[in-house]
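Would you be able to build a 3D model of this:
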Amino acid sequence: MRNVIQSVLLLAALMSKTGAVEVVYAQLGETATLKSPGGVNLQNEYVYWHFEKEDGLQLAWRNNMGGSGTASAEPWKDRLSLSDASLIIKDVQQNDFGTFLLKGTGVTRLTTYKLLKLTVSVNPLSPLLPGDSLSLFCNAQTLPGHKDPKIQWLNPSGEKIKTSQGSLTVRATSQDNGQWTCVVTYDKKENKATVSVTVLDLSPAPLHPQYTSKSWPLTVPCSIPAHISWDQLKAKDIQDVRWHFVPESGFSPQSLFSLSLADPLTWKADQDRGLRPVTDPKKKNLSLTRNRGTEEDEGDYVCALGFKNGVTLNRTVHVKVLQIISSPGTELISGQQLNLTCSLGHPLPSDLQLKWFPPEQSSLSSPTSDRDLAHLTIPEVGKGDGGKWRCELWQSNARLTSAEITLKIEPKMSSWMLVVICSVTVIVILLLILVFILYRRRQQKMTHLRRRLCKCKTPKPKGFYRT
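Have a look, this model is predicted:
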């Protein structure tokens, strides 16, 4: 009580001489800046900083010729510096909280600063799972006889959260992961302190579908953020890591892979769809990949982490397959009508665009692009339309995927080719008829010969005899 009374009397004495007190809040271990008062030109003056009282310990000085110095004794050694006339204190210690005084030789009044302690904490300190209770505390020291400062919390997204005297308790979600900021407002001036909160979760899923085709690789992304370790997950009793697939057709979900959590971490394939994990799971990349997509890849892929308390963390990745369909087929005769369709199986969103790239010798100009040009029609294909056709899917300046198809165009048969084919056909038919006639005549001769021969009942001498 006696110390409090002395502090009040000292502060009152200083205020009577210097006017209002500048309040600055700081955390232990952080850097505090005591800014020189605005509107006062100290460039041509000697400036002095003192601690606790006007004739107390001199912390720093600066003259009008650019010379300056700071206290070299402990505990201030190597922690003080000047920026113009402002005093910067690094690695704030418990004994630094107190009164600082700034005086210029040409200024009759002192400027008094009160460095007050700002404390923030979080409970529990260990990483959280979504749904766990998260408590945040912010305590700002107050001046005796002065009003309390206003305290607010900002979540990692920068949104203000109402508090009761600096305390805040919420149910943790993945959005709560990151830096929380306590904002202390006193005399219309803000002071901030931060505290880190870790909420275990998977990295965000892509905002847009993953696109592939029969001529484009497929990667289904899923990963654990860099700031989360396997040890933290195991400490929270993680039970399993799995991949599921829900086909676009609406069939039942299929289990693709499960991860054995025993050392070493290894994947087990539950169903072979041609997919494979991309890397060693110790690197926390759980993505799946394949060299080329297929029509059956379209659907939803679910990456899930299950915990003992029943919490499941999952991410869903939508996969769409770009396809080119040719009608009447990929082998045509010159002069036939060709219809090509490039689509995802549904109308394109407004932010997507298709680009066609026909063969260089095609009758169709190359390249062409139009988000509504999902269908191409060539009334009569020619030899130049044969070859590789490519359809690309774009979003702004990014190519998402491409599909390819190869067409084979046979030349149209002319009249003389038809005459030759018909003549050859007639000749072949006549030859077959001639062979058949000759064969029949031979058969008839053999039959007549056998009728003129007989076999004797008494084989003496042996042989056949003419009747």
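
contacts, neighbours, all on C-alpha from now
Fine.

and the protein, what are its domains?
Annotated domains of the chain cover 2-117, 119-197, 210-318, 323-410 [automatic domain parsing].

Relative to residue 441, which of those domains is closest?
domain 323-410 (45.1 Å; Cα to Cα).

and that closest one, what's its mean pLDDT?
Averaging pLDDT along domain 323-410 yields 85.

Relative to the helix or strand residue 243 falls within, what are the paired strands and their orientations?
Assigned by DSSP states H and E, residue 243 belongs to strand 238-247. Looking at strand 238-247 with DSSP bridges, its partner strands are strand 254-260 (antiparallel), strand 299-307 (antiparallel).

If you count neighbours, what's buried in that strand?
The neighbour-count check on strand 238-247 (16 or more other Cα atoms under 10 Å) flags 238-239, 241-247 as buried.

what sits up against that strand?
Residues from elsewhere that reach strand 238-247 (Cα atoms under 8 Å, 6 or more residues apart in numbering): 252-261, 296-308.

Please repeat the previous calculation with a cut-off of 6 Å.
253-259, 299-308 (Cα atoms under 6 Å, 6 or more residues apart in numbering).

chain center to that strand, what's the gap?
19 Å (Cα atoms, centre = their mean, to the nearest Å).

pLDDT (mean, whole number) over it?
94.

can you point me to the longest helix in the chain?
If you go by DSSP state H, the chain has its longest helix at helix 415-451.

Centre of the chain to that helix, how far?
Distance, centroid of helix 415-451 to centroid of chain: 75 Å (Cα atoms, centre = their mean).

so of the strands paired with strand 238-247, which one's packed in deepest?
strand 299-307 (a mean of 20; mean count of other Cα atoms under 10 Å).

okay, that one in PDB with CA atoms only?
Extracted C-alpha coordinates of strand 299-307, given in PDB (Å, rounded to 0.1, in the frame of the first residue of the first chain):
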ATOM      1  CA  GLY A 299     -16.400 -38.000 -58.400                       C
ATOM      2  CA  ASP A 300     -15.500 -36.800 -54.900                       C
ATOM      3  CA  TYR A 301     -12.300 -37.900 -53.100                       C
ATOM      4  CA  VAL A 302     -12.400 -37.700 -49.300                       C
ATOM      5  CA  CYS A 303      -9.200 -37.500 -47.200                       C
ATOM      6  CA  ALA A 304     -10.000 -38.200 -43.500                       C
ATOM      7  CA  LEU A 305      -8.200 -38.300 -40.200                       C
ATOM      8  CA  GLY A 306     -10.100 -40.000 -37.400                       C
ATOM      9  CA  PHE A 307      -9.400 -39.500 -33.600                       C
END
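
So for that strand, mean pLDDT?
95.

Next secondary structure element downstream of it?
Downstream of strand 299-307, the next assigned helix or strand under DSSP H and E is strand 312-321.

Contacts for that next one, please.
205, 209-213, 298-306, 344.

Any stretches of the stretch 101-250 of the chain with poor pLDDT?
106-109 (pLDDT under 70).

Three-state assignment for the residue positioned nearest the centre of the chain, please.
Note on the chain: the residue nearest the mean C-alpha position is residue 206, at 5.1 Å, using Cα atoms, centre = their mean. Under DSSP: H, G, I helix; E, B strand; the rest coil, residue 206 falls in the coil class.

Near the closest residue to residue 173 other than its chain neighbours, how many other residues are there?
Of all residues not flanking residue 173 in the chain, residue 130 sits nearest, at 4.5 Å (Cα to Cα, 6 or more residues apart in numbering). Neighbour count for residue 130, taken as other Cα atoms under 10 Å: 19.
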